[in-house]
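> Turn this into a structure:
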Amino acid sequence: MYAYIKGIIADRNDQQIVIENNGIGYLVNCPLGISAEIGGIGDEVTVWLYQSVKEDDISLYGFVSRDQKEMFLKLITVSGVGPKVAHTICASLSAEQIAAAVMSGNVALLTSVKGLGKKSAEKIIVELKDKLKSQLGAASTATVVPAAVSASVKGDSGVMQDAVGALLVLGYKDQEAADAVASAYEDGIGLEDLIRKSLKVAAGKKFS
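Presented below is the predicted three-dimensional model:
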């Protein structure tokens, strides 16, 4: 299983890029919605990878970031959502948009993705929320948010809880997610913006 590849973008089209590394060209499924953020031909880049292995096909799927890949991995656990559909969703919406849609039940945002119908969108929301509840066990997301948050940040606890849940969906640990949300929260911030800021805080701590 590949984690990521560092190399030069040697070629591209609307759906794929070729990453050259040590004289080998790796063909990576990467629609423009994703590859445009990675770079242009001749750029030295890092591309996060998922390898799909089937009887008649071995394919690589490319991502801008670890968070985007983590969201893709969560999406393909949903029944009926394969790599191609999950990749299309990730190319159309950011990781924080998808996470916010799941936590807030925003079917309309998910159905804005070309080819994704209402039933599939509802299934994604239900199944990912169920996985989150399973991850937390009997506890609610409220118990994950440190008491210090309520004491020091007089804000919207519902938004904070949903943001913590979104980071859990993206693969962060309970305390890691809660601390990031507590640091990123500011009065009046919306869910999607809070998730985006929290991801930056969490990533900074993880790789610092």
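> okay, which residue of the protein is out on the far edge from center?
Each residue of the chain has a distance to the centre, and by C-alpha atoms, centre = their mean the biggest one is for G23: 31.0 Å.
> Distance-wise, check it relative to N29.
The spacing between G23 and N29, counted by C-beta to C-beta, to the nearest Å, is 22 Å. All C-beta spots, glycine's among them, are computed from the backbone N, C-alpha and C.
> now swap in V201 and tell me
Distance from V201 to N29, counting by C-beta to C-beta: 31 Å.
> Give me the more crowded residue out of these two.
Higher neighbour count among V201 and N29: N29, with 20 against 17, using other C-beta atoms under 10 Å.
> which residues does that one bridge with?
Assessed by DSSP bridges, N29 has beta-bridge partners Q16, Y61.
> mind listing what it touches?
Counting by C-beta atoms under 8 Å, 6 or more residues apart in numbering, N29 touches 15-16, 59-62, 87.
> Just flag the most distant two among the residues you listed.
Longest distance between any two of these is 12.4 Å, between Q15 and L60; criterion C-beta to C-beta.
> between those two, which one's more packed in?
Neighbour count, other C-beta under 10 Å: between Q15 and L60, L60 has more, with 19 against 12.
> residue contacts, the more buried one?
Contacts of L60 by C-beta under 8 Å, 6+ apart are 2, 26-29, 49-52.
> Without its sequence neighbours, what residue ends up closest to it?
Distances taken as C-beta to C-beta, 6 or more residues apart in numbering place V28 nearest to L60, at 4.7 Å, with adjacent residues excluded.
> Which pLDDT value goes with the residue farthest from the centre of the chain?
We note a pLDDT of 95 for G23 in this prediction.
> can you give me the helices in the protein?
32-38, 66-75, 83-92, 95-104, 107-111, 118-136, 147-152, 157-169, 174-184, 191-207 (DSSP state H).
> who wins for proximity to E44 among these?
Per C-beta to C-beta, nearest to E44 of these: helix 32-38, 10.8 Å.
> In the closest one, which residues are buried?
Using 16 or more other C-beta atoms under 10 Å as the test for burial, helix 32-38 gives 33-35, 38.
> In CSV, list the contacts of L60 along with pLDDT and distance to A166.
CSV is the format used below for the contacts of L60 (pLDDT from 0 to 100; distance: C-beta to C-beta, whole Å):
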residue, pLDDT, distance to A166
Y2, 88, 26
Y26, 97, 31
L27, 97, 32
V28, 97, 27
N29, 97, 26
L49, 97, 24
Y50, 96, 21
Q51, 95, 26
S52, 93, 25
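> Show me which of those are buried.
Buried among the contacts of L60 (16+ other C-beta under 10 Å): 26, 28-29, 49-50.
> would you list the residues you listed in CSV and tack on distance to Y185?
Below are these laid out as CSV (distance: C-beta to C-beta, whole Å):
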residue, distance to Y185
Y26, 40
V28, 36
N29, 37
L49, 33
Y50, 32
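> Closest one of the residues you listed to M71?
Using C-beta to C-beta, Y50 comes nearest to M71 of the buried ones among the contacts of L60, at 11.2 Å.
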